[in-house]
Structure formats: C-alpha cells, structure tokens
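Visitor: Dropping a prediction and its sequence here:
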Amino acid sequence: MIRYLILLLNVVAITGCGVKSGSSDQDTFEGRNITALHGMVVSAHPQSSRIGLLILQKGGNAIDAAVATEFALAVCGPEAGNIGGGGFMLIRTSDGTTDVIDYREKAPLLASRDMYLGTDGNVIEGLSTDTHLSAGVPGTVDGMIKVHAKYGKLNFKEVIQPAIDLARKGFPVTKGQARSLNDNKEYFINKNLKIPAFVKDSLWKEGDLLKQPDLAETLERIRDNGRDGFYSGKTAELILKEMIRGKGLISEQDLNEYKSVFRKPLTTDYKGFRIISVPLPSSGGILVAQILGMIDQYSIKEWGFHSVKSVHLIAEAERRAFADRAKYAGDPDFVNVPVAGLMNKKYLTGRFADFDENTASLSSEVGAGSPEGYESEETTHYSVVDQFGNAVAATTTLNNIFGSSIVVDGAGFLLNDQMDDFSVKPGVPNMYGLIGGEANAIAPGKRMLSSMTPSIVEKEGKLFLIAGSPGGSTIPTTVFQVIINVVDYNMNIKEAVDTGRFYHQWLPDRIYFEQNCLDSLTVKELMLMGHEMRSRPPIGSVNAIQIKLNGEIVGGADKRGDNVACGY
Ligand code: DON
C-alpha cells in the first residue's frame, strides 16, 4: 500500500492544499500545507519527507524518522543533504526532555590559523571554499549513529535502508535541482578525477533519474559496520586517497578521533512562550534569544506587521546581536564565551538602551557589548513529530551549494567547504559577509562557528512549534521572524513561513529585504531614518510544524523551495 502510495505521489504534482491517500486512520497527506493527526515530516525534498513518513508509519519514533530523513537527504538533496558534512539536531521527547546532538565538522588536526593566507597576509580567494583544504572532518555519520543509539526505536539497518534504495534505484530530480545541477556542471567536471553521478552528457531536465551507485555502497558499509563503515575501512581509505590527490588535510587520525557530542540546548522565554534552540558552536540559539530579548518590551503587534517602526526596531536589535556574535562566539570547547551574560535580560535591556526610535544607528559605532559572566545558499532543515509526541528539529549542511563540489572518488559523496565558516582572517568577511574575530579563529580540532538554528517552541509547557531554515547568516533572523509571525502576529504556520522576510546582520550595515516584502513607502521612510536598504532574492527556506491545542499537526513547507510536508 505504502509503496503504491509513494509511486502515486511521484506522479502527483505537489499542491498547496495537500494530497490525501490511504484509508481511515492511516490516511496519508502530502503537500506544502497539510494537517495530520499522528505524525509528520517536513523536509526540503518530496523523497526525504516520504521516507521519514514511512519510518513513522512503521512505528518508528521521531528520531528514527529524522535519521532516515537525514540519510535520504544525503541522496536526494546533494546540494546540502550529506554524509560529508555536519549539522545540529534538537530533540524534545514526549516528556519534555530536550537534548542536542552537535555533529558539526571539525578543523583537521593539521589545520592552522593562517592556512588560507598568502605570504602577503591576504586571503587567497577560493582556498577556503573550493578546494580539498576547505573540508572539515565530516560529522554527520557519527552524529546519526550516536543519536539513533540513544533515542531510536527501530533497528538502524531498517532506518538507513530506504536511503540506500534511493541511491541505487535513483530518484527524479526536481526542476530546481535540474537547474542547479546544470549550473554546477563545470565545477563537477573540473574538480573531480572522474565525472561524478551529478553530471549528465546532456543537460538535466525535471524528472530525469539521478542514480548514485557509489553512494549506495558507502551507505551499505555504514549500514553493515556502523561508524566504522565511514571513519575506517574502505570509505576512510577513499577519503584519504582523495585528500592525497587534492592536497587536503584530513588524516586517518582525524577520522578515528571525530566525535559528535550531546550538548545542553539553550532556552529563553518570550511573551509566555519558551524558545528552545541549539547552543555553540552554533550562534543561532544565542542570536534568536538576544533579538527576542531586545524587542520583548515593545508592542510590535500594535505597530503592525512590516511597519516602519517594527522593521527599524528589529533591524536595530539584529545589528547589536550580530555585533556580539562577531566578537564573542566560537567553539566552546576552545574559547570561553559568556553565553549566559549574552542572553541575560538585564544585559539585553542595557545593550538596547541607545536605541533611537527615529534614527538608524551606525554599525561602525555600535560594536560589541560587555556582557557579564565571562566564564573561564545551501543548507537544509527538516522538522519531525511522531505519534508519541517526540519532536526533532535538525539542520544539516555542506556549507555552500554542493559544498566544495568535490566528490570522494569511489565513495560518491560530496565534501563540505565548512572551513570557510571560521574567521579565515579576523575582519575579512566570509561568503555570507560575516565578520569574525579571535574566538572563531582556526585551530586544529576546533569546530567552526555556525548560524544554524533548529528550534522548538513550547506554549504552556506543551510542544507548539518546530522550525528551522537554511540561509547561512540569515538563518537566525529567519527563525526569529517565524516565531514572531506566530506569537505576535497570530499567523498560521503556513503564512508565518511564506510571508516576506528581511534582516540586518551588523555588517554590511544595511537592511536586506525580499522583493515585495516591504512596500515602497516603508522602504523610503526607513531610508530617511538612515538605513541603507537593499532588496535581494528569497531568504531561507523554512520547514516547520505547528501542533494545535486540539492535537492537530499542521505542516508549513516554505513556498521558496521544493519543500514538502508528509503526514498521516
Ligand atoms: O553553519 C552555517 O552557519 C553555514 N555553513 C550554513 C550554510 C547555509 O545555510 C547555506 N545555505 N543557504
């Protein structure tokens, strides 16, 4: 039945209102905005959402479904889904316990602070994004195995198998994928020894089958040998061979020693809601908490959605939060970060004391604050909830679209270019225009700072919202906007996800906004206040779930991508 359903759904266009199939209480729904009763997966590709749903319907819990979705994304979403990258997964179990698995990549042990600088001290362009040197030690496989061992209910083999089948049998590429694969064709050819599966003689068209036999074999080794199927044995040999070919730094020791870690989530309260998010080495949770903390005392609801006053307020809060990020944030295993101080409500009120309702501040004059307690455009997010009430929010990435575009020869997976998330040179912006400082300087075995923000919101102690997005430096402000859209502006989850977005990230000193997000009068008035305004292509691509008081589960899959919600 399920197989038939999947076949059927393959040929049914995804509609806004959803497609219903199945019978009685096992009715299955698929679309960008669906309602279901038992469980749901919202991810960036129809195939990965269907695989997650399949696992839920087999009786798996949200963690089983999340692990299956993550491996499926490594196959059907190679732009960002990965086994050669890393990410963060936030878990909230049905009894309200929360946990985070940090499977962020690490700098190889041979990495060094100035490894991307030439003899003149300047950054060598492309070295931290386009070469074997750009790859951090991958964390996804270790993370998935560890989180599954702790929380999974089904057998690991059962959870990874659908991804293996997808790689071997192939899947029809979406229109957007056909375009990005074609756009990247030259990179794939130039950077790889053999022509990888991502290249076709003719151009890709929507619906063409992408088969990845090498990747299927790598996933089989992981299925059969667990962690060793990736970090040792044949896969490790292939990675090391690839490093020798491209003069990369990842060594046998790096692979042996890589460990994902469980970390304590960050929480903050906002207007009666509890926001739970990920901690360092992602800056996402701190940023969301800081921005919410700074705007908390203002009635943005009364001021109106996307009004001059509220856009100005939010941009000013974001400017200050990102200035703090640049100075303080880095891998907590290497640097001391005053996390509690940065999130402290009193600190945030003081930090925002120079906010002027009528005039934009200047980033050059804002700088970072002085918190107390100084203790010693491609990523992918998915959200899952199961019939037991467990929830998962996970964001995973290779960094840039298709990472470094380098495929490990014979192993069929792409290497990340996550090293660019370090401050390659303090004061020099990375590919997202982010400026970093000492706290995020490169060091052997250190994790690069992230902006990924998988988040969960509780209302009156109950699971209420699961959300996250790709978008590099724009991720925290995107997640923040989804939260206020629901909390302050009473939008339903689909509206909250689809509506226009804007952001400020301290430097460059300007407000970026999506076309048609702000009306021309609002833009004009903000300019008069001193803001530089710049419109840009779509910001982020959210996959969210809202749990209503009556128990209904509502999916919000962003209109901006190939995102699909599947539920039953
Ligand atoms: O970890 C980070 O913050 C970035 N490497 C994420 C990259 C990203 O979201 C690209 N997507 N559009």
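Guide: Cool, got the structure.

Visitor: what about the closest residue to Lys309 other than its chain neighbours, how many neighbours?
Guide: Across the structure, with C-beta to C-beta, 6 or more residues apart in numbering as the measure, the residue nearest Lys309 apart from its sequence neighbours is Trp303 (4.4 Å). All C-beta atoms are positioned from the backbone trio N, CA, C, and that covers glycine. Here the count is done by other C-beta atoms under 10 Å, and Trp303 has 16 residues near it.

Visitor: Use 877 as the first number from now on
Guide: Let's use 877 as the start, then, which means that last one is Trp1179.

Visitor: Name the SS class of the closest residue to Thr1375 other than its chain neighbours, please.
Guide: Spatial nearest neighbour of Thr1375, chain neighbours left out: Asn1361 (6.3 Å); criterion: C-beta to C-beta, 6+ apart. Secondary structure for Asn1361, judged by DSSP: H, G, I helix; E, B strand; the rest coil, is helix.

Visitor: does Asn1361 really touch Arg1377, like I thought?
Guide: No - at 9.5 Å, Asn1361 and Arg1377 do not qualify as touching, with contact defined as C-beta atoms under 8 Å.

Visitor: Compare neighbour counts for those two and give me the winner.
Guide: For the pair Asn1361 and Arg1377, the greater number of neighbours falls to Arg1377 (26 against 20), based on other C-beta under 10 Å.

Visitor: could you list every residue that touches that one?
Guide: Residues counted as contacts of Arg1377 (C-beta atoms under 8 Å, 6 or more residues apart in numbering) are 1350, 1353-1354, 1357, 1389-1390, 1393, 1415-1416.

Visitor: Can you flag which of these belong to helices?
Guide: Among the contacts of Arg1377, the residues falling in helices (DSSP state H) are 1353-1354, 1357.

Visitor: Can you redo these as TSV, where the extra columns are distance to Gly1313, neighbour count and pLDDT?
Guide: Listed next are the ones in helices among the contacts of Arg1377 as TSV, based on distance: C-beta to C-beta, whole Å; neighbours: other C-beta atoms under 10 Å; pLDDT from 0 to 100:
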residue	distance to Gly1313	neighbour count	pLDDT
Thr1353	20	30	98
Thr1354	24	28	98
Gln1357	26	25	98
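
Visitor: could you dump those to JSON lines with distance to Asn1212?
Guide: What follows is the ones in helices among the contacts of Arg1377, written out as JSON lines (distance: C-beta to C-beta, whole Å):
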{"residue": "Thr1353", "distance to Asn1212": "26"}
{"residue": "Thr1354", "distance to Asn1212": "29"}
{"residue": "Gln1357", "distance to Asn1212": "31"}
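
Visitor: Pick the one among those closest to Thr973.
Guide: The shortest approach to Thr973 among the ones in helices among the contacts of Arg1377 belongs to Thr1354, at 26.7 Å (C-beta to C-beta).

Visitor: In this structure the residue nearest to Lys1185 contacts Ile1190, no?
Guide: No - Trp1179 is beyond contact range of Ile1190, at 10.4 Å (criterion: C-beta under 8 Å).

Visitor: shared neighbours of the two, which are they?
Guide: Common neighbours of Trp1179 and Ile1190 (C-beta under 8 Å, 6+ apart) do not exist.

Visitor: any residues touching stretch 1061-1075, and which ones?
Guide: Contacts made with stretch 1061-1075 from outside it, assessed by C-beta under 8 Å, 6+ apart, are listed as 954, 1006, 1057, 1060, 1079, 1086-1091, 1121, 1278, 1280-1283, 1285, 1288.

Visitor: Among these, which ones are in strands?
Guide: Counting by DSSP state E, the part of those found in strands is Leu1086.

Visitor: of the contacts of stretch 1061-1075, buried ones?
Guide: With neighbours counted by 16 or more other C-beta atoms under 10 Å, these contain buried members at 954, 1006, 1057, 1060, 1086, 1088, 1090-1091, 1278, 1280-1283, 1285, 1288.

Visitor: now, which of those residues lie within helices?
Guide: Within the buried ones among the contacts of stretch 1061-1075, residues falling in helices by DSSP H are 1057, 1090-1091.

Visitor: Give the other helices and strands that the helix or strand harbouring Val1164 contacts.
Guide: Secondary structure assignment for Val1164, by DSSP states H and E: helix 1160-1171. Using 3 or more C-beta pairs under 8 Å, 6 or more residues apart in numbering; DSSP states H and E as the contact criterion, the neighbours of helix 1160-1171 among helices and strands are strand 1142-1146, strand 1149-1153, helix 1184-1204, helix 1215-1219, helix 1221-1227, strand 1331-1335, helix 1351-1363.

Visitor: just how off-centre is that helix within its chain?
Guide: Taking C-alpha atoms, centre = their mean, to the nearest Å, the mean C-alpha location of helix 1160-1171 is offset from the chain mean by 17 Å.

Visitor: After that helix, which helix or strand is next?
Guide: As assigned by DSSP H and E, the chain's next helix or strand after helix 1160-1171 is helix 1176-1179.

Visitor: in that following helix, what's buried?
Guide: Buried residues in helix 1176-1179 (16+ other C-beta under 10 Å): 1176, 1179.

Visitor: Now do it: which elements does it pack against?
Guide: Using 3+ C-beta pairs under 8 Å, 6+ apart, helix 1176-1179 sits against helix 1184-1204.

Visitor: could you dump the ones in helices among the buried ones among the contacts of stretch 1061-1075 to a markdown table with pLDDT and distance to Leu966?
Guide: Supplementary listing: those in a markdown table, determined by pLDDT from 0 to 100; distance: C-beta to C-beta, whole Å:
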| residue | pLDDT | distance to Leu966 |
| --- | --- | --- |
| Leu1057 | 98 | 31 |
| Asp1090 | 98 | 32 |
| Leu1091 | 98 | 27 |
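
Visitor: Closest to the ligand out of those residues?
Guide: Lowest distance from the ligand to those (C-beta to the nearest ligand atom) belongs to Leu1057, with 16.6 Å.

Visitor: wait, what's in contact with that closest one?
Guide: Contacts for Leu1057 (C-beta under 8 Å, 6+ apart) come out as 1049, 1074-1076, 1080, 1086.

Visitor: And Ser1331, by the same measure?
Guide: By C-beta under 8 Å, 6+ apart, the contact list for Ser1331 reads 966, 1151-1154, 1160-1161, 1164, 1269, 1341-1344, 1355, 1359.

Visitor: What about Ile1424, how many residues nearby?
Guide: That one is not Ile; residue 1424 is Lys. Here the neighbour count serves as a burial measure; for Lys1424 (other C-beta under 10 Å) it reads 12.

Visitor: Cool, thanks, signing off.
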